[in-house]
Structure formats: C-alpha cells, structure tokens
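Asks: sequence-free structure coming up:
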Ligand code: ADP
C-alpha cells in the first residue's frame, strides 16, 4: 500500500440536498413563527385565540424538530469526519501504529511498517512481536509484553528485523486495553539516534580509555584556580582521588608545606597566562608524603563557544629523569675525572677526517711537549698497520680493534704503547679512540733488565764452564795426548829414516782429526761463553741439542749418565737464540745427571725428547733421579734456590728467563717412572707475529 502524501488532505464533504431542504424548512418555520406572532389580532377576526396558539405550537414544534434533525445530522457528519481523520492519521503516520493482542500478536498495522521495516502489514498480521525482534533484545520484548498483559503501559527500545534481514531500532510505546484484550502501540524509528548514541558512547569510551592510559597527569582549573577536572594519571601522581580534588581551591593538598610561596607564584603565572611555554618544574608531595619532581605544561582551556574557561595543565613525573640525569652527570664527572687524571694520552678522532673530537689533559701536555697541535703529537701507525683503512670504516664495521702495539715518536724518541679502537661516537659518527701510554721509562727499564739478564746468563755460562773446566781439560787432554803421540811417532820414524810414506800420512791424518776434535770442543766453549747480544734466528732444535750435548754430554759422562735423544728430523725451525737455548739444555742435562748420583751407574739414564705441538716445539729432559719434593716446587725457579752443597741456585731461574724471553714456558713434572721431567716450549715461527728481534 502506497502511503499518501503528507500534504494530501481529505476532500471537503459535499452538503447533502436533504440537509439543505431541512435548513430551508426550518428557516421557513422560524420566519413563519415570527410573522405569525407579529400579526395583529384583527387578522384573525374569523378565528379564535386557541387556533392561533395551536398554529404557533405546531410551527414551533416543526422548527424544533427540524433543528433536532439538523443537529443530529451535523453530529453524524462530525463523527464521520473524525473517523476519517483518524483513519488518515493511521494511514499517513510516519510512526508505526499497531494493534496487538495481549499475547503480542499483530492484529493491525499501518503502512508506516513498509517505510520503516520494508514489511507489508498483511504479511505481519498474525505474527508475534517476538518473531521480528533481534535475538539479543528478546528479553526486553518479553518484559514489555508481560507488563502490557498485566495492564501496565510500557515503553521499550529494541531492534526489529526488516524485510531485507537487517535490523532497525524501534522505540515502542504501548498501552493495553484489557476490556478489548488489545494493545495499542506506536513504534518510532530511533535507528539514527541509536547510531549517534553508539558513536558518542564509543567516542567517550575511547576518550576515557585514552585519558586513563596516558601517563601524563591532566588537571583543569577554572579562572580562579579551582580544580574542575583531573584524569586518572593525575590522581595516581598525587595520590588523591578525583572526588577529593575536584572543587579544591589553592593551596592544593599536594603542595609541599615549605614550597607554598613558590607554588603560589607559579599558579599566578599560570592564571595570568604567563607560564613559560617550555613548562615549569616544581615539586609535589604525594599523599604518602613522598616528594616528586614534576614538569608542568599549561595551555588555555577553551569551551565549545570558543571562550576560555580556565587552564589545562599536563603534569609529568621527572623524578626518575632527574635522578637519571644526575646519575649520568655524576658518571660523566667520574669518567672525565678518570680520563683527565690518566697519565695516558687519550684522544678521539673522527675516522674519516682525523678531526680531533676529544683530548684529555695528558694528551695536551704531550702535544705541547712534542710542539705540535694535532694528534700527530703522538706517533701514528702506518696505514698498512691497520687491519682496514680506518678512513673507510662505516657504522656497520664498528666497534673493532684497530691497533695495539708500541711505537716510537720520530721526533722525541719516546716510546708509546698505543691502543686504537674504532667505535661509534655519541653522535653516531665513526671515530678512533686512542689511548697512548708513554712506555719509554718501561722500555728503558726493560732494556736494563734484559742487559742485566744477559750479563747474568753469561756469568752463569762462565760458571758452568768453570765447574766443567776440569772435565773439559780432561776431555781436551785426550786429543792433545793423541796428537802428541802421533806427532812423536812421526818424528821418531822420520828421524830413523825407516818409514813408509803411508804410515806418516795415516798418523798425521789421525793427529789432524784429534786436533779437529779438540778444536771443536774449544770452539763450543768459546761460543758458549762469548759475550754477544741475544740474536734470534731460525734454528733447528736438533742442531742445538747436538751442540749442547757436545759439552753437556762430556759432563754427563763424567757423572756416569748416558743421554739418549729422540728428536724428529722434520721438526720445523724455531726463531731462537741458539746459544741461549743451548744454555738451557746444558743446564737441564747437567741437573738431570746430578740428580741421579745416588743411582747405580746403569740406571743413570737421561732422555732428551722434542716434539711438535699445536703451536710450539716442546722439548723435555727427563731423569730417574731424586725428583723435586713438593715443598721445593714453589721455589724451584727462584734465584739462589739450591739444594746442592756447592750449588748457586741460579740455573733454573736463568733458564726460565731465557725461555720467557722466547715467549715460551718452562715447567717441571714428576716423572711417572721416578725422577723429574723438565719441559720447555718454543713457539713456532708463525706465532711470534711481528715481534721478531734481530
Ligand atoms: P743449582 O743446580 O745450582 O742448585 P739450579 O737452579 O739449576 O741451581 O737448580 C735449583 C735446584 O733445583 C737444585 O738445587 C735442585 O734441588 C733442584 N733440581 C734441579 N734440577 C733437578 C732435577 N733434575 N731433579 C731434581 N731436582 C732438581
């Protein structure tokens, strides 16, 4: 059914001919009555007064009857018109009008149903309201219908299903008429309002959630300073509830007692609109008495009409920030004090350009001393000494070590231990951080020490030779006697003239061999005691052992010990001072032989072994002697430790210095077969890096 236009009015009802005739008749009766009453008595000469009276009565009755008929007619017409208007109202209303049974079933519905729900009334009649109500709103509908069935008017809002399956919100106002067992209901479409209510609710929930989730305390005050709003964070900060704060006038309960004057001043600044834009710092006292440092940012509070009604304050707790800042400052002061107090020169230079970004006091003193103002005041590694070109480093490549070594200043001759690292500077730039320690004095002391050790080592060698002098003399005596005998034999033969050329030649050859043997011993002794700078070169450990045994073997034999060797021929060369290593071996062999003096002769066996380990050549000298008692172990390598009556106690100490000079280690183990094993290592050439001394 198409609803009629709102502007459509019912046509005016035409006046019926009957009512016109009745009106004329009544008018005539009234006129007749007037005329008749006005006639003079003489006009009824032939008649009597009763007749005249009867006529008047009749005319009056006719008039009354006519008027009555007209009145009834008019009332009828009015009733019809009202009915028609009600019908129009029913049909044209934009709201749904419905007549329902007390059980909630539709009996009649107006066409607004089509407009609102897109449903035809005839399709709905007979259905229950519950049939078109959204499942979630069934409870409301049932409650409303129960109230109506009990004779109480009811109003409820719920979603009703449209023809297309969607739902619209309807506000139902219904009145029951128990005598008719009917409910008269009007439903107004409130979907639009509901949507805006929902949007508003969502908006306000969102705002509330936002307000509650911000960590910044928000407080609004009116122009007199009275608190009109606080958010959750503000309450949390000061420890008072919103109810306690709203309506409060200054001084506020969270102002610290001793700081009222300052707080008044800052509040006045705020109310006068003169609060600094970067905010103000002040202190608040929480309800529990704890003091907080806060920062306030103030902005005008403008209402919906654009009128300023007060001030909005955003308050953040900066106690932690302040503490962190103070700690940072303290840490910075500490590190600056340390850096400034360091004897080492420290500087930071931009990796790409070399521009100095930081220098400490020691650096500046050094630069002044060197008479230069750039970091060339310190010796610089060559570009090739760096693992990468520091100028080309970028943020991805750092942090990394750049240099760690000793350098000599070309002008001042000072020695520095320089350690450089590439890292990210505070502003993200790649920089080189260098720490340069003047090690000149250390170097000098080291050199002195080394020279002293050298002297000591030589003295020790001389002593060893002194100790072995008689043995060596005896050893030399043999070839010399042999040479003498061969020579005398030759002289005698030559004198007698009875000789063969071959005999003389053979004897002279033997004498020469003996001389070579003696010469060898002398050379070894001379080499061994010669005064020379330590000189490291690539040497074969097998050859060193052979040379050492050339002298030590003589002493060992004198002491009744035999020396067996096990040195593979394919051992790599080591970078070492030949004489020094020989000295170590001689010392260990001599000690081993001396340790076995209480053993029967056939058990005095010394083993000299060498082997290759992962990164070094390991040499060991083992014996079956008395061994080292645990209480002696600790002092074994100390200077002047000896258990021998005529010992000096310097041998092992010097041996350890020599081995450590070669970056190796010397230690002693108990020999599982009895006795001791003294072992030392000499790092392989590749592990000595750039530290070759020549
Ligand atoms: P010295 O031989 O003059 O005593 P060393 O420094 O060479 O000086 O030796 C120190 C001490 O270490 C010796 O007195 C001895 O007690 C002990 N010692 C050295 N080598 C051995 C060894 N192979 N077996 C047992 N003890 C040893």
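Replies: Happy to help now that I have it. Computed from a prediction, not measured in an experiment: that's the story for all the values here.

Asks: measure residue 272 to residue 298 for me?
Replies: Using Cβ to Cβ, to the nearest Å, one obtains 11 Å as the distance from residue 272 to residue 298. No exception for glycine: its C-beta is placed from N, CA and C like everyone else's.

Asks: neighbour count winner among those two?
Replies: Neighbour totals were compared for residue 272 and residue 298, and residue 298 leads with 24 against 8 (other Cβ atoms under 10 Å).

Asks: wait, that one sits on residue 313?
Replies: Yes: with contacts defined as Cβ atoms under 8 Å, residue 298 counts as touching residue 313 at a distance of 5.3 Å.

Asks: quick one: common contacting residues for the two?
Replies: Residues touching both residue 298 and residue 313 comprise residue 270, with contact defined as Cβ atoms under 8 Å, 6 or more residues apart in numbering.

Asks: so what does the top helix by length along the chain touch, helix or strand wise?
Replies: In the chain, ranked by residue count with DSSP state H as the criterion, the top helix is helix 49-92. Helices and strands in packing contact with helix 49-92 are listed as helix 17-38; criterion 3 or more Cβ pairs under 8 Å, 6 or more residues apart in numbering; DSSP states H and E.

Asks: assign the residue in the stretch 101-250 of the chain positioned nearest to the ligand to helix, strand or coil.
Replies: Nearest to the ligand in the stretch 101-250 of the chain, going by Cβ to the nearest ligand atom, is residue 215, at a distance of 74.1 Å. Each residue gets one of three states, and residue 215 gets coil by DSSP: H, G, I helix; E, B strand; the rest coil.

Asks: could I get the pLDDT score of it?
Replies: According to the model's per-residue confidence, residue 215 sits at a pLDDT of 80.

Asks: check whether residue 571 really touches residue 619, as I assumed.
Replies: No: under the contact definition of Cβ under 8 Å, residue 571 does not touch residue 619, with a separation of 9.7 Å.

Asks: anything in contact with each of these two?
Replies: 541, 610.

Asks: low-confidence ranges in this structure?
Replies: Confidence mapping of the chain against pLDDT under 70 gives the ranges 1-23, 25-26, 29-30, 32-34, 36-49, 372-376, 686-694.

Asks: distance between the ends of stretch 118-138?
Replies: Across stretch 118-138, the straight-line distance between its terminal residues is 21 Å, by Cα to Cα, to the nearest Å.

Asks: which phi and psi does residue 232 have?
Replies: Geometry field for residue 232 lists phi and psi as phi -60, psi -40, criterion degrees, to the nearest 10.

Asks: ok, and the closest non-adjacent residue to residue 522?
Replies: Distances taken as Cβ to Cβ, 6 or more residues apart in numbering place residue 476 nearest to residue 522, at 7.3 Å, with adjacent residues excluded.

Asks: who touches that neighbour in this structure?
Replies: Taking Cβ under 8 Å, 6+ apart as the definition of contact, the neighbours of residue 476 are 518, 521, 522.

Asks: give the helix, strand or coil label for the last one.
Replies: With three-state DSSP as the basis, the three-state label of residue 522 is helix.

Asks: count the neighbours of it for me.
Replies: There are 12 residues near residue 522, going by other Cβ under 10 Å.

Asks: roughly how far apart are residue 160 and residue 58?
Replies: With distances defined as Cβ to Cβ, the gap from residue 160 to residue 58 amounts to 66 Å.

Asks: so which of these two has more stuff around it?
Replies: When residue 160 and residue 58 are compared for neighbours, residue 160 comes out ahead with 24 against 13, by other Cβ under 10 Å.

Asks: so which bits of the helix or strand hosting the more buried one are buried?
Replies: Secondary-structure element containing residue 160, defined by DSSP states H and E: strand 154-161. Residues of strand 154-161 classed as buried under the neighbour-count rule (16 or more other Cβ atoms under 10 Å) are 154, 156, 157, 158, 159, 160, 161.

Asks: relative to the whole chain's centre, how far out is it?
Replies: Averaging C-alpha positions (Cα atoms, centre = their mean, to the nearest Å) puts strand 154-161 55 Å from its chain's average.

Asks: so what does residue 398 look like in phi/psi?
Replies: phi -120, psi 160.

Asks: same question for residue 247.
Replies: Recorded main-chain torsions at residue 247 are phi 100, psi -10, according to degrees, to the nearest 10.

Asks: residues in contact with stretch 391-411?
Replies: Defining contact as Cβ under 8 Å, 6+ apart, one finds that stretch 391-411 is touched by 351-354, 370-371, 378-381, 385-388, 390, 414-424, 428, 430, 432, 439, 443, 690.

Asks: re the thing from before, who's more crowded, residue 571 and residue 619?
Replies: Here residue 571 and residue 619 are set side by side on neighbour count (other Cβ under 10 Å), and the busier one is residue 619, at 27 against 16.

Asks: and that one, that's in a strand?
Replies: Yes: counting by three-state DSSP, residue 619 is found in a strand.

Asks: give the bridge partners for it, please.
Replies: Here residue 619 shows beta-bridge partners residue 610, residue 680, assigned using DSSP bridges.

Asks: make sure it is actually in contact with residue 678.
Replies: No: with contacts defined as Cβ under 8 Å, residue 619 does not count as touching residue 678, sitting 9.1 Å away.

Asks: please name the residues that touch residue 617.
Replies: 541, 571, 572, 574, 610, 611, 681, 682, 684.

Asks: gap between it and the ligand?
Replies: Taking Cβ to the nearest ligand atom, to the nearest Å as the criterion, residue 617 is separated from the ligand by 21 Å.

Asks: do residue 497 as well
Replies: With distances taken as Cβ to the nearest ligand atom, residue 497 is found 57 Å from the ligand.

Asks: what's the answer for residue 382, then?
Replies: Remark: distance between residue 382 and the ligand (Cβ to the nearest ligand atom) = 44 Å.

Asks: for that residue, grab the count of nearby residues.
Replies: Residue 382, neighbours per other Cβ under 10 Å, totals 8.

Asks: related to what we said a few turns ago, same for the strand holding residue 160, what does it pack against?
Replies: Judged by 3+ Cβ pairs under 8 Å, 6+ apart, the packing partners of strand 154-161 are helix 138-149, strand 167-177.

Asks: which outside residues touch that strand?
Replies: Under the contact criterion Cβ under 8 Å, 6+ apart, strand 154-161 has outside partners 117, 132-134, 136-137, 140-141, 143-145, 147-148, 167-174, 187, 190, 194.

Asks: quick one: contacts for the residue nearest to the residue of the stretch 101-250 of the chain closest to the ligand when sequence neighbours are not counted?
Replies: Excluding its sequence neighbours, the residue lying closest to residue 215 (Cβ to Cβ, 6+ apart) is residue 233, at 5.6 Å. Residues in contact with residue 233, defined by Cβ under 8 Å, 6+ apart, are 212, 214, 215, 216, 217, 218.

Asks: just residue 622 next, same as before
Replies: By Cβ under 8 Å, 6+ apart, the neighbours of residue 622 are 592, 606, 607, 609, 671, 675, 676, 677, 678.

Asks: excluding its backbone neighbours, what's nearest it?
Replies: Sequence neighbours aside, residue 677 is the residue nearest to residue 622 in space, at 4.1 Å (criterion: Cβ to Cβ, 6+ apart).

Asks: please confirm that that neighbour is located within a strand.
Replies: Yes: the assignment for residue 677 (three-state DSSP) places it in a strand.

Asks: ok, residue 191 - contacts?
Replies: 168, 169.

Asks: how about the helices in the stretch 401-550 of the chain?
Replies: Listed in chain order, the helices of the stretch 401-550 of the chain (DSSP state H, counting those that start in this stretch) span 440-467, 469-496, 501-529, 541-558.

Asks: please identify the most buried of those.
Replies: helix 541-558 (a mean of 20; mean count of other Cβ atoms under 10 Å).

Asks: show me what the helix or strand following that helix pairs with in its sheet, parallel or antiparallel.
Replies: Counting by DSSP H and E, the next helix or strand C-terminal to helix 541-558 is strand 562-566. Strand pairing for strand 562-566, using DSSP bridges, gives strand 605-612 (parallel).

Asks: buried sites along the partner strand?
Replies: For strand 605-612, the neighbour count (16+ other Cβ under 10 Å) marks 605, 606, 607, 608, 609, 610 as buried.

Asks: noted, bye for now.
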